[in-house]
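Student: starting from these lines, generate the structure:
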Amino acid sequence: MAEIKTIAIAGAGTMGAGIAQVFAQAGFKVTLFDINEQTLDKAKSLITTQLEAAVSKGKVSEIEKNNALAKLTFSTTASDLIADLIIEAIVEKLDVKKTLFSQLAEQNSTTTILASNTSSLPITQLANGVSQPNRVVGLHFFNPAHLMKLVEIIAGAETDDQTISAMKSLVEKIGKKPVVCKDSPGFIVNRVARHYYVESLKVAEENIAPIETIDKLMESAGFKMGPFKLMDTIGNEINFAVTSSLFDSFHQDAKFRPSRLQQQKVDAGHLGKKTGKGFYNYN
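Tutor: Predicted structure coming up:
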C-alpha cells in the first residue's frame, strides 16, 4: 500500500473541520469539501480561531499555524475529492454515505482508502457495493477532534489487515491514540457512553433533579463535562441520531431507547451551542 501523503475530507461541519486541522497541522496536504460554501467559510474561520487559540496558549508557534493553514484547500467541487485517503464526515445517514462512497471509488485510484467518521453506522454496510471493499474502514474521531486523542479504527467484514495497519500508523503519526475494534453497533465508546446520556435524560424526564444539578453532580464525580452540557456541545440532533441508530441496531432494546425530551429539543431546533440554545441558553 502506497504511503499516504494527501487527505481529502467530505463534510466541513465541526467534525470535518477539526479532522482537517489535525492532518494539516501534521503536515499533510488536505482538501476540505462541502456542497455549502457558507459551511466552508465557517470551517475556515473555526480552524483559524482554534489555531490562534493554540498559539496564544503556547502550544503552537505562529509559523506552525501559518504552515497548517497553507496546507488546507477548500472546495465545493466533488471532483476535487481525490486523495490517498478520503474521510467522510457528512450527515449520519447510511444511504447518503453509501452513495458518496460509490462516487469516491469511481473517481479515485483502487488503492485510495475510504474512511468513515460515523459514530454508529455499520462499516460493513457502508462498504457493501463499493469496489474493493477491503479498503473501506471506520476512522472515528471524537469532538473536538483537534484536542481529543482517541481515534477508533473499525474493521468491517471486508476490511483487510493492510488497511487497518495503515490507519494505525497514520493515527499515531498525527499524535492520536488508535484503538482497533470490530464492526458492531456504536463500536466501543458510543455503546458504553450511550447510557451517560440516556439515563441522565431519564432522570430529567422523571423530574428527579434539574439538568443543572445532574450536570454539577456528574462533574463533581470526576466527569469533565456533565451530560447535558456535552449533548449541547456535540449537537442534540447528532446525539439523538446516534441513540436512535443504536436502538434500531439492537432490535429496540429498551436500554437504548431515545429520549422524548431530547427529540423535543431536536424538533424545536434547539440543537445546542451551534444554534445558541439547547438544554442551556447560549445567547
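
Student: and the strands in the stretch 1-150 of the chain?
Tutor: Assigned by DSSP state E, counting those that start in this stretch, the stretch 1-150 of the chain shows strands spanning 6-10, 29-33, 72-75, 85-88, 113-116, 136-141, 150-155.

Student: show me what the top helix by length along the chain is packed up against.
Tutor: The single longest helix within the chain, with elements called by DSSP state H, is helix 37-56. Using 3 or more CB pairs under 8 Å, 6 or more residues apart in numbering; DSSP states H and E, the elements in contact with helix 37-56 are helix 14-25, helix 62-70, strand 72-75. For glycine as for every other residue, the C-beta is placed from the backbone atoms N, C-alpha and C.

Student: all helices for the stretch 101-250 of the chain, in order.
Tutor: Residue ranges of the helices in the stretch 101-250 of the chain, as given by DSSP state H, counting those that start in this stretch, are 123-127, 161-173, 189-205, 211-220, 227-234, 236-249.

Student: now do the buried residues in the worst-scoring helix or strand of the chain on mean pLDDT.
Tutor: In the chain, no helix or strand scores lower on mean pLDDT, DSSP states H and E than helix 236-249, which sits at a mean of 92. The neighbour-count check on helix 236-249 (16 or more other CB atoms under 10 Å) flags 236-247, 249 as buried.

Student: roughly how far is stretch 154-169 from the heart of the chain?
Tutor: Taking the mean of its C-alpha atoms, stretch 154-169 sits 18 Å from the chain's own mean (CA atoms, centre = their mean, to the nearest Å).

Student: let me fix that: stretch 142-160
Tutor: Using CA atoms, centre = their mean, the offset of stretch 142-160 from its chain centre is 9 Å.

Student: got it, and stretch 117-130?
Tutor: 14 Å.

Student: end to end, how far does that stretch reach?
Tutor: 17 Å (CA to CA, to the nearest Å).

Student: I'd like the average pLDDT over it.
Tutor: Averaging pLDDT along stretch 117-130 yields 93.
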